[in-house]
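A.B. asks: take a look and give me a structure for this.
(one chain, ligands or ions: 1)
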Amino acid sequence: MVILEDIGKNYDNFKMKNFNLKIEKGEFVTLLGESGCGKTTLLNIISGLTEDYDGEVYIQGEKTRGKSPKEKGLSMVFQDSLLLPNLNVEDNVAFGLKMMGISKKKRLEKARDVLKELGLGGFEKRHPYDLSGGQKQRVSIARALVMEPKLLLMDEPFSALDEGLRGKLQKLLKKIQKKHKSTVLFVTHDRNEAFYLSDKIAILDNGKLAQFDTPLNLYKKPSSPFVAKFIGINNIFTGKIKDGIFYNETIEFPVKFSEAEKVCLALKSEDLRVTLEEKTDGNEGVFKGIVKDSSFKSGFYHLDIDIGGECIEVIQNRVEFPIENHMELYIRYNKDNIILI
Ligand SMILES: Nc1ncnc2c1ncn2[C@@H]1O[C@H](COP(=O)(O)OP(=O)(O)OP(=O)(O)O)[C@@H](O)[C@H]1O
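C.D. replies: Numbering: from 1, shown residues only. Alright, predicted model coming up:
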């Protein structure tokens, strides 16, 4: 288990105070947040690049302050592959084992096994300058994994790769991480990458932990409007609920809750459906709107609809009638899908 306990770090324009996080053995955890929220600061504290900080980092029960990455049992993969240019692929991968005094036969055997797992069988004798960006990054991952680290730190390892390749490497990493049961702390600002790879995601907001949870829970139960917005819920309204009606200065619509003072109500775009009729079934609610804009992207209709001064986004894969700007229609939703924050 990895524990970050009451971590604090101040820069002129940045404050992190009492930051706590627990990563279980074998868990894939991602630090996700906008630029400048403190992701690299945390990685630097864990790796030891930053020595001046408050709190303690524990890896498998041991304090890590002042120890080298090797003593801590850490391996790291960065955005750039940082391979040794004069060594071939298998020697790059086996380099850490060599430093540990492992025999040549044993270390090359291990290096070749990991390279095979990463789809690089046959590339052992090549040099880094003969490899593509994606291949270099796979060698970096092999080099980190071969050490069987207690914690693998990965700082935006795929951000320099094009989208297709990034997807392939994410899939490969997920498979290998599960097989090796590696404990990983991954850093990204790419929401989809974090949701795809992680057992748990820590969302950071300006040095603070906004929420730490599984991808599903983050999506179902965001703890604040910040988290809801950050994970891509675009329909967030503030208002009150009285007698089963949510309202603010501009909108009013039925909900299943009876009373609430000062609430944020969130509705996922993909939980809404547009219709031409006002009728509803069972647990559904409906409200009226006017189409402001519509587009068709990646197989889905994206509609921006004015609902009395506020705009709501609807995403659906099929629309049974032609959509035109300025047309009036109804938006149906299941009251169970409403998230109150
Ligand atoms: N050595 C430093 N001296 C002064 N300020 C720093 C230093 N390192 C980081 N900061 C500041 O601390 C804040 C957090 O930086 P950090 O690099 O941890 O963010 P990040 O979330 O990793 O951002 P990005 O996604 O852009 O890499 C930023 O405002 C940054 O300017």
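A.B. asks: okay, CA-based contacts and neighbour counts for the rest of this
C.D. replies: Will do.
A.B. asks: what are the buried residues along the lengthiest helix in the chain?
C.D. replies: The residue-count maximum for a helix in the chain (DSSP state H) belongs to helix 163-180. Within helix 163-180, the residues that count as buried by 16 or more other CA atoms under 10 Å are 166, 169-170, 173, 177.
A.B. asks: elements contacting it?
C.D. replies: Contacts defined by 3 or more CA pairs under 8 Å, 6 or more residues apart in numbering; DSSP states H and E place helix 163-180 against helix 133-145, helix 191-197.
A.B. asks: if you set the cut-off to 10 Å instead, what comes out?
C.D. replies: strand 28-32, helix 104-117, helix 133-145, helix 191-197 (3 or more CA pairs under 10 Å, 6 or more residues apart in numbering; DSSP states H and E).
A.B. asks: got the angle for it vs helix 104-117?
C.D. replies: 130 degrees (axes from the mean of the first three to the mean of the last three CA atoms, to 10 degrees).
A.B. asks: identify the residues contacting helix 163-180?
C.D. replies: Residues outside helix 163-180 that contact it (CA atoms under 10 Å, 6 or more residues apart in numbering) are 26-28, 114, 117-119, 133-135, 137-138, 141, 145, 148, 152, 157-161, 181-184, 193-194, 196-198.
A.B. asks: narrow those to those that are buried.
C.D. replies: 26-28, 114, 118, 133-135, 137-138, 141, 145, 148, 152, 157-158, 182-184, 193-194, 197-198.
A.B. asks: what's the neighbour count on the residue of the stretch 51-200 of the chain found nearest the ligand?
C.D. replies: The ligand sits closest to His189 of the stretch 51-200 of the chain, with a gap of 6.2 Å, by CA to the nearest ligand atom. By other CA atoms under 10 Å, 18 other residues sit near His189.
A.B. asks: how much space between it and Val274?
C.D. replies: 32 Å (CA to CA, to the nearest Å).
A.B. asks: cool, and Lys292?
C.D. replies: Relative to Val274, and taking CA to CA, Lys292 is found at 13 Å.
A.B. asks: more neighbours: those two, which one.
C.D. replies: Between Lys292 and Val274, Val274 has the larger neighbour count (other CA under 10 Å), namely 25 against 17.
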